[in-house]
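Participant: Give me the fold of what follows.
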Amino acid sequence: MNTPLISQKPKQPLKSFEDWQDDVISKVFQVTLDKSLAEKKDSQLVYLNSLVEELKKEDPEKKSFKLSQSHLESALVARLNIDPNQMSDDEETFQAISKLPRISLFDYLLDCWKRASEIKSNLLTRSSKTLEPSVVNERVKVMDALKDLLVNYACLVIQYPDMFPQINDSTELGSRQLVSRLLSDINSPEGLPLDFIQELAAKVDEEQFDQIFGSALIGLAAQMRTKNILNNDYLKPLNGLATLTEIKSLAAMLPTLRSWNPQNSTAKAYEVMSLLGPFCRISVFPSDEPSIPEKYFGNIQQRSKADVDSLMISLSGAIQGVQRTLFNIFNNIVRSSPSSKEAVLSYFARVIKLNEKRTQMQVDPSQVGTDGLLMNLSSILLIFADPIYSKIDRIDVNYFRKSRRIDISQETKIKATQQESDAYYSSAVNEAASPNFISEIFFITLAMHHYGPLQCYNKYNNLNRDLAELQKQYDRLKADQPKWAGTPAETFNNALLERCKDQLEKWAVHKISYESQLLDPTSLSRTLQFYNLVINWVLRIVDPTGQHPIKQISLPLPPTPPEEFIMLPEFVIEDITEFFSFISRYNPKVMLSCSRDELVIFIITFLKSSTYIKNPYLKAKLVEILFYYTIRNENEGGIGSILNTHPIALEHLMSSLMSFYVEVEQTGTHTQFYDKFNIRYNISQIFNSIWNNQMYRNKLREESRKMDTFVRFANLLMNDATYLLDESLTKLTEIRNIQNEMDNIDEWEKKTQQQRQERESLFHSLERQATSYMALGNETVHMLEYMTSEVADPFLTPQIVDRLAAMLDYNLNSLVGPKCTGLKVKNREKYRFQPRILLQQLITVYLNLSKSKEFIQAVAKDGRSYSKELFLKAFSILKEHGLKLDRDIKVLEKFVNNVEEVIKQEEQGEEELGDIPEDFLDPLLFVIMEDPVILPESRISIDRKSITTHLLSDATDPFNRKPLTIDQVIPDLKLKERIEAFKKEKREKK
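Facilitator: Have a look, this model is predicted:
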């Protein structure tokens, strides 16, 4: 059976309100008006004699006095006026002074406030359950008055520390004494409770804020300047600042301090002298904190990979914690008031402006901010950008016309001259309203990344390059050690070897320090999300409907790009390419964290409409990124499945790559000759990755029907194969010669040291060149192999077929002809030289075209390299190593027989013609012309076939280098009639 609960009636207080007031005020202030209480043993109460005397004057008849709410301020002032340094013979005064705590008045007031807060808390929790609500409320009012008074006087002693007598010691007074409190945990006895700070903040206006909190904040910043990521003590000033900004009124007044945005300072000084600079510059980078790599990752060679990974995760976690706290600080300020929001945006913009020199080729570290500062601010901005991803339509495309917060006046534009840009950005905008906060954050984040993370990525790339180069130098020295051991150079070389080793170890730990932040998956994933947003925003601008990504963009784009697009800073596109290039090389799995469709659409869009972007380097970067992600597996972030399924890729990728293959022949840069081979190598790898998809093969056939454009592509493909194979095989022959020299030890030793070094230097140079050319040549021949199997006709046009035949014959001669022994280098795999595979590919091209009358005739006309014996030797090798089936060899044998038959016919025809007049011969090929035409500028007659072939590679008149197109040539009808008459006459005489 349940016993019913009996509700208890609230009890009457044990003490009267008068006694209770006296008791709690005495307890809070540690004072009394009762002398006997102060004289008790172990009593810490200070007898306020001055107040008692004052009260006696007011009421002489009264013998005893109690503390009450009406006496609060008098009691506190009386206590504060007691001089702790006074020397007195008066016993009563001496006793009062001896009981004073040896602390500053602010600390005393804070302790009083804490005692008052505790009493109030007990009233509201425990006492409220036993006392009448009216009693509790009456007492709470007293405690509130007590606390309010204490906070008021705390403000006073901070602003005017000499208003009351202070203890004479080294304790800092005024605003500075808040620093140590703010460095401590708010819940610790040494800390500054959040409620106290809130009550203090409620008392101050803007002027008082500087007096009360200004020096404290400067003190926190000064503390932060001495900290680094290695010791957790950096958390104290950081958390102290975070605590202050949690109070809205304080956060709003922070930007009013002079140190918030100091004027006329350099980038280096700014991050030290500005209020938040020291907090934002905490870093893991060796360039900022040289001690971190050695102290954190020292003795790297003795550590296991798991140990190093654990250290990297720890360091990465620490810096992410800093960035989250910094974001909370900035976010609190932004949300505190409109003027504070503007101040934060101006702060970010000022950092960007001061660090514009970070993008220079040679950067003076003393003239720019640290990597840590820019990386941390970029991370903060990425968090601010989180809400933007679903609001792409609110990003103002006219931001740079409406706002001068970010100066892009001198930046290279995507496709506009400086004059066009100046005119555009100085013209009025229809919508005059200021950009919204979303647009501000988007563009500031874009700019901060350009000057921050993107430059850090570049620095990391350079470190990797230098590290690899130094490793090669060290390996060469180590390999050559037996050669110089015992020679006069031994001491010098041993010292050099040791220096290389020390530098390698130093750079290795620097590399790991960089990686702990730059390659952190969480940070990269957030950056990737942002650049996906930038991609979609850029595509939205060029989309004629302006609906992307809500409605996917359609290709091709209109011929003329929108003005809003071409006037954007070029770094908008450049940074997208640099970021994706960076992660593709160093952490491709990050791609798995976000959609990869955006990247594919972006690349294909601007390869398809390549005239939208002026800079050929940027377009080459698009191909490079596509290449990197096509060679990756799906679980490594690869995009193979997207390329094989996405409608835009299936429809436009093949034509875009072919078009760009042609376009890079003339990039306008001084390195265009070598650049084109690297770009085309990447294109060839992309072709390889998609070739098994029948839809792409169908697209190739479709493109091949556009004969003019495809023939240009085929011509360049053949040109590359010709040049690359010739260069690589020539270099291999030279390598073979030097290897033979080195093998002849007696002769080699007879050479002087300088001669040997020169030959070795040449040898290493030849090795690099041969490897590069052979890799590129292999891929080009492979493309010829599979493309001629699918579409032969473009390769059989008059402009192509003769040169293709000559190229094939020449390389067949190199591989199996009399001089093939010169290619027998040691370690041929090192140079990517696989003669059997190369022979097999060349033979496959012959097979693909073997039934064509045009190809047979072209081979027959090649008197320079073709011979039946070469094919017989090739057949022997093919059979011996099983490189081709018997039926393929029979087809080739028939092809050779057909070539031989044509040769006999051609020889008979040449005999019929006899000596040919010189003006009937083509001036380039020196064969009789079939269709002579006159070049408009040089007025020279040349065969149409010959000039057409020349123009495929070089759009100039070969005799004066002036621009020329095939439609400008003039048929030379009179010369053609004379040639025909000559032929007819010779045939009739025969």
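Participant: Distance-wise, check Thr256 relative to Lys750.
Facilitator: 83 Å (Cβ to Cβ, to the nearest Å). C-beta here means a position set from N, CA and C on the backbone, and glycine is covered the same way.
Participant: More neighbours: which of these two?
Facilitator: Thr256 (15 against 10; other Cβ atoms under 10 Å).
Participant: so the more buried one touches Phe213, yeah?
Facilitator: No: in this structure, Thr256 is not within contact of Phe213 by Cβ atoms under 8 Å, at 10.5 Å.
Participant: Return the residues in contact with Lys589.
Facilitator: By Cβ atoms under 8 Å, 6 or more residues apart in numbering, Lys589 lies in contact with Pro521, Asn635, Glu636, Gly637.
Participant: isn't the last one right next to Val590, touching?
Facilitator: So that's Gly637. Yes: under the criterion of Cβ under 8 Å, Gly637 makes contact with Val590 at 6.7 Å.
Participant: so what sits against both of these two?
Facilitator: Listed as contacting both Gly637 and Val590 by Cβ under 8 Å, 6+ apart are Ile583.
Participant: Following the chain onward from the least confident helix or strand in the chain by mean pLDDT, which element is next?
Facilitator: Least confident helix or strand, the chain: helix 91-98 with a mean of 70, by mean pLDDT, DSSP states H and E. In the C-terminal direction, the helix or strand that comes right after helix 91-98 (DSSP states H and E) is helix 105-125.
Participant: Could you give the number of residues near Asp922?
Facilitator: Asp922 is flanked by 18 other residues according to other Cβ under 10 Å.
Participant: mind checking how far it is from Arg978?
Facilitator: 15 Å.
Participant: Repeat that for Ser426.
Facilitator: According to Cβ to Cβ, Ser426 and Arg978 sit 64 Å apart.
Participant: Those two: which has the busier surroundings?
Facilitator: In this view Ser426 and Arg978 are compared by other Cβ under 10 Å, and Arg978 has more residues nearby, 15 against 9.
Participant: From the contact counts, what lies against the one helix or strand that one maps to?
Facilitator: Using DSSP H and E, Arg978 sits in helix 973-989. On a contact count with 3 or more Cβ pairs under 8 Å, 6 or more residues apart in numbering; DSSP states H and E, helix 973-989 meets helix 886-913, strand 932-934.
Participant: mind listing what's buried in that helix?
Facilitator: Buried residues in helix 973-989, counting neighbours by 16 or more other Cβ atoms under 10 Å, are found at Leu975, Lys976, Ile979, Lys983, Lys986.
Participant: surely the first one meets Ile928?
Facilitator: Just to be clear, that refers to Leu975. No: at 11.3 Å, Leu975 and Ile928 do not qualify as touching, with contact defined as Cβ under 8 Å.
Participant: Name the residues contacting each of the two.
Facilitator: Shared contacts of Leu975 and Ile928, defined by Cβ under 8 Å, 6+ apart, comprise Phe920.
Participant: Can you show me the helices along the stretch 501-650 of the chain?
Facilitator: Ranges of helices within the stretch 501-650 of the chain are 521-542, 563-566, 571-586, 597-608, 616-630, 640-643, 647-663, based on DSSP state H, counting those that start in this stretch.
Participant: right, and these - which one's nearest Glu118?
Facilitator: Set against Glu118 and scored by Cβ to Cβ, those come closest in helix 521-542, at 42.2 Å.
Participant: angle of that closest one against helix 597-608?
Facilitator: With axes from the mean of the first three to the mean of the last three Cα atoms, to 10 degrees defining the directions, helix 521-542 sits at 40 degrees from helix 597-608.
Participant: Would you mind listing the buried residues in helix 521-542?
Facilitator: Buried residues in helix 521-542, counted by 16+ other Cβ under 10 Å: 523-542.
Participant: I'd like the distance from it to the chain centre, please.
Facilitator: 12 Å (Cα atoms, centre = their mean, to the nearest Å).
Participant: helices or strands next to it in the packing?
Facilitator: Using 3+ Cβ pairs under 8 Å, 6+ apart, helix 521-542 is in contact with helix 305-336, helix 371-384, helix 437-451, helix 563-566, helix 571-586, helix 597-608.
Participant: For those, could you give me a markdown table that also reports mean pLDDT and mean neighbour count?
Facilitator: Shown next, in a markdown table, are the helices and strands packed on helix 521-542 (pLDDT from 0 to 100; neighbours: other Cβ atoms under 10 Å):
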| stretch | mean pLDDT | mean neighbour count |
| --- | --- | --- |
| helix 305-336 | 93 | 17 |
| helix 371-384 | 96 | 24 |
| helix 437-451 | 97 | 23 |
| helix 563-566 | 96 | 17 |
| helix 571-586 | 96 | 21 |
| helix 597-608 | 96 | 22 |
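Participant: picking that back up, what about the contacts of Lys589, which one has the most neighbours?
Facilitator: Greatest neighbour count in the contacts of Lys589, by other Cβ under 10 Å, goes to Gly637: 21 neighbours.
Participant: Could you pull up the residues touching that one?
Facilitator: Counting by Cβ under 8 Å, 6+ apart, Gly637 makes contact with Ile583, Ser584, Pro588, Lys589, Val590, Met591, Leu592, Arg596, Tyr629.
Participant: Is the last one in contact with Gly638, as I believe?
Facilitator: What that stands for is Tyr629. Yes: if you go by Cβ under 8 Å, Tyr629 and Gly638 touch, sitting 5.6 Å apart.
Participant: Could you name every residue contacting both of these two?
Facilitator: Pro588.
Participant: what residues does stretch 721-730 touch?
Facilitator: Stretch 721-730 has contacts (Cβ under 8 Å, 6+ apart) with 677, 769-770, 773-774, 776-777, 780-781, 784, 803, 807, 810-811, 814, 823, 831, 833.
Participant: go on, stretch 764-774?
Facilitator: Here stretch 764-774 makes contact (Cβ under 8 Å, 6+ apart) with Leu724, Glu727, Ser728, Lys731, Leu732, Glu734, Ile735, Ile738, Lys830, Tyr831, Arg832, Phe833.
Participant: residues near the third one, how many?
Facilitator: Looking back up the chat, that one is Ser728. 26.
Participant: Secondary structure element holding it?
Facilitator: helix 707-743.
Participant: Show the average pLDDT along that helix.
Facilitator: Helix 707-743 shows a mean pLDDT of 90.
Participant: now that helix and helix 647-663, what's the angle there?
Facilitator: Orientation check (the same axes, to 10 degrees): helix 707-743 against helix 647-663 gives 70 degrees.
Participant: Give the buried residues for helix 707-743.
Facilitator: Going by 16+ other Cβ under 10 Å, helix 707-743 has these buried residues: 710-736, 738.
Participant: in the stretch 801-950 of the chain, which spans are helices?
Facilitator: Using DSSP H, counting those that start in this stretch, helices in the stretch 801-950 of the chain cover 835-849, 853-861, 868-880, 886-913, 944-953.
Participant: looking at those helices, which is closest to Leu657?
Facilitator: Evaluated over the helices of the stretch 801-950 of the chain, closeness to Leu657 peaks at helix 944-953, with 18.4 Å, by Cβ to Cβ.
Participant: Could you list every helix and strand in contact with the closest one?
Facilitator: Against helix 944-953 (3+ Cβ pairs under 8 Å, 6+ apart) you get helix 707-743, helix 798-816, strand 932-934.
Participant: Not counting the following helix or strand past the first one itself, show me its contacts.
Facilitator: Following the chain from helix 707-743 toward its C-terminal end, the next helix or strand by DSSP H and E is helix 745-750. Counting contacts by Cβ under 8 Å, 6+ apart, the residues outside helix 745-750 that touch it are Glu741, Met742, Arg756.
Participant: Then stretch 850-865?
Facilitator: With contacts defined as Cβ under 8 Å, 6+ apart, stretch 850-865 is touched by 792, 796, 798, 801-802, 804-806, 808-810, 812-813, 849, 866, 891-892, 894-895, 898-900, 902-903, 906.
Participant: Pull out the buried positions in it.
Facilitator: Buried, per 16+ other Cβ under 10 Å, within stretch 850-865: Ser850, Ser852, Glu854, Phe855, Ile856, Gln857, Ala858, Val859, Ala860, Lys861, Asp862, Ser865.
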